[in-house]
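Participant: Structure for this input, please:
(2 chains)
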Amino acid sequence: MIRTLARKDLHTLFSAPSTWMMLALLQFILGWFFLARLDDYLQVQTQLAQMDDAPGATISIAAPLANLLALLLLMLTPLFSMRLIAEERRNQTWLLLATSPLSSAQIVLGKFSGLLALLSLVILAAVAMMALLALGTRADIGLILCNLLGLWLLAAAYAALGLYFSAVSRQPVVAAFTALAVSVTLWLLDMAGGLLRALSPNTHFQNLNSGLLSSADIAYFVLFCTFFLMLTIHHLRRERGGH
Amino acid sequence: MPAPTTLSARNLVRFHGKRRVVDDVSLELRRGEVLGLLGHNGAGKSTTLMMLSGALQPNSGSVAVCDFDLARRADLGKACLGFLPEHPPLYRDMRVDDQLLFAARLHKVSKAQLPEYLELTKRRCGLLDWGPRLIGELSKGYQQRVGIAQAIIHQPAVVILDEPTVGLDPAQIRDIRTLISELGDSSSVILSTHLLHEVEQVCDRAVILREGRSIFNGTLDELRAHSDIESSFLRLNADAESEHA
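Facilitator: Numbering: from 1, shown residues only, chains lettered A, B, ... in the order given. Below you'll find the model as predicted:
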């Protein structure tokens, strides 16, 4: 049942021309950035060869690429997530789901999985670009995999957050702007100190981005997703119950 | 021996804010029966249907579909139920076949049965040649047919239709009413409408709502006991109004 809904949502996302345009633009930006970084690296390669502890190609090219994609995911995910529930309500197709045997939790998980599947394709395309480095040098596969995990967890976090705002907003555009505002605020918390900094997804992504795999960072993202998914389920149940 | 009960609603109450929009409504539906839910605009018909279909939970009271309480076993109860809201819940960018298959999968139709159910439903709703068409390109009448088709594709025991003929031309209205009569042979149907002659043509029993309360619940013969159905409807509403005053 969850898979049925996820497949339908993935189909809906891909049937919108705006999705293809956004994906094409994203690939263009990533491709351009990758080539620019590669070019920069090749230019300083001879100097790097003389250093004892010179950074490798993966940390110089792939890690900044993942960092850029993390920033782009922050901006793009609300544009995809806004449609998930708010648009179903606006188009009055929500009642098909609400009167089906699906529970609120299954609806939320189905929609979350559909969006995450789309974002996973975006991430895999970027990771494939990073893996191209292996053609010309000995790439740090561990670092690439660590970035893949980091990007995927970050995408899941933004998808869960966007889904919640799509559930509480009547208009998809309002859902997108609210999700974006909250995501940017959380991103900026990285610049704060102490506990606030620990609340920022960026703080935890930066660890994975530099190749530091820590269970604390993974736990943060799991808790972040669980919190927003539970909040969405609770909202839908409350709405049905009218309390 | 009376036919088994397929849907039973007891003492339904629902508030919108502090306003009681449905007040102590009870009704029962038996297999093969077509029940008309009548009332002026704002009488609480749509809210009642939303509760019967499980889209909304009543603030008090209970709904059971095929003996499954919607508050406890919503998944089993809703699998026995098909619902067409006032605005058909259709994805305009989907093809007719895809929409119907999606609705069937949501209602737990097994993979092996999907082609057979799809074919049968399209035949019943006159959509055999329309499978590959995009829903957004269809006329309102055909969209309404697809709306009914998505409500019945899983062959539910109870079909709930909210104003299914609103905005259709006379030929389309005739076709939809014929379809509703046919549905009454295999399923139980609840039809919400404010058209009295529609109830006369297709329904076996009627429930009349006024300001959220049920002011009549019986057969059409009982409604016609003293005069024609329209006069009875108006008289019952006038009686309820004077009682309220």
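Participant: Pull up the residues of chain B that are close to chain A.
Facilitator: Counting by Cβ under 8 Å from any Cβ of the partner chain, chain B comes close to chain A at B:14-16, B:53-57, B:59, B:74-76, B:78-79, B:81, B:83, B:85, B:87, B:89-94, B:98, B:102-103, B:105-108, B:150. Every C-beta, even on glycine, is put in place using the N, C-alpha and C of the backbone.
Participant: mind listing what's buried in the longest helix along chain A?
Facilitator: If you go by DSSP state H, chain A has its longest helix at helix A:17-49. Within helix A:17-49, the residues that qualify as buried by neighbour count (16 or more other Cβ atoms under 10 Å in any protein chain shown) are A:Thr19, A:Met22, A:Leu23, A:Leu26, A:Leu30, A:Phe33, A:Phe34, A:Arg37, A:Leu38, A:Tyr41.
Participant: From A:Leu30, how far off is the third one?
Facilitator: In this case it means A:Leu23. For A:Leu23, the distance to A:Leu30 equals 11 Å [Cβ to Cβ, to the nearest Å].
Participant: between the buried residues of helix A:17-49, which is nearest chain B?
Facilitator: Nearest to chain B among the buried residues of helix A:17-49 is A:Thr19, at 11.5 Å by Cβ to the nearest Cβ.
Participant: Excluding chain neighbours, give the residue nearest to that closest one in space.
Facilitator: A:Leu13 (5.1 Å; Cβ to Cβ, 6 or more residues apart in numbering or on different chains).
Participant: What distance do you get for the one you found to chain B?
Facilitator: Separation of A:Leu13 from chain B (Cβ to the nearest Cβ, to the nearest Å) stands at 11 Å.
Participant: dump the residue contacts of that residue.
Facilitator: A:Thr19, A:Phe80, A:Arg83, A:Gly114, A:Leu115, A:Leu118 (Cβ atoms under 8 Å, 6 or more residues apart in numbering or on different chains).
Participant: of those, the lowest pLDDT goes to which?
Facilitator: Lowest pLDDT of those: A:Arg83, 85.
Participant: Distance of it relative to A:Pro172?
Facilitator: As judged by Cβ to Cβ, A:Arg83 and A:Pro172 stand 6 Å apart.
Participant: Any chance you could spot the residue sitting in the middle of chain A?
Facilitator: Geometric centre of chain A, nearest residue: A:Ala155, 1.8 Å, by Cα atoms, centre = their mean.
Participant: ah, wrong one, I meant chain B
Facilitator: Most central in chain B (Cα atoms, centre = their mean) works out to B:Ile160, at 2.1 Å.
Participant: The lowest-mean-pLDDT helix or strand in chain A: how far from the chain's middle?
Facilitator: Within chain A, confidence by mean pLDDT, DSSP states H and E is lowest for helix A:57 among all helices and strands, at a mean of 75. On the basis of Cα atoms, centre = their mean, to the nearest Å, helix A:57 is displaced by 24 Å from the centre of the chain it belongs to.
Participant: Can you name the element that comes right after that helix?
Facilitator: The helix or strand immediately downstream of helix A:57 is helix A:63-81, counting by DSSP states H and E.
Participant: I'd like the next helix or strand past that next one.
Facilitator: helix A:88-90.
Participant: Do a quick rundown of the helices in chain B.
Facilitator: Secondary structure of chain B (DSSP H): helices located at B:45-53, B:74-79, B:96-106, B:114-124, B:140-152, B:170-186, B:196-202, B:220-223, B:229-244.
Participant: Repeat that for chain A.
Facilitator: So, for chain A - with DSSP H - the helices run A:2-15, A:17-49, A:57, A:63-81, A:88-90, A:94-98, A:104-131, A:141-168, A:172-188, A:194-198, A:201-209, A:215-241.
Participant: What residues does chain A have near chain B?
Facilitator: A:1, A:4-5, A:8, A:11-12, A:15-16, A:91-103, A:240-242.
Participant: run the last query once more with 10 Å
Facilitator: A:1, A:3-5, A:7-8, A:11-12, A:15-16, A:88, A:91-104, A:106, A:110, A:237, A:239-243 (Cβ under 10 Å from any Cβ of the partner chain).
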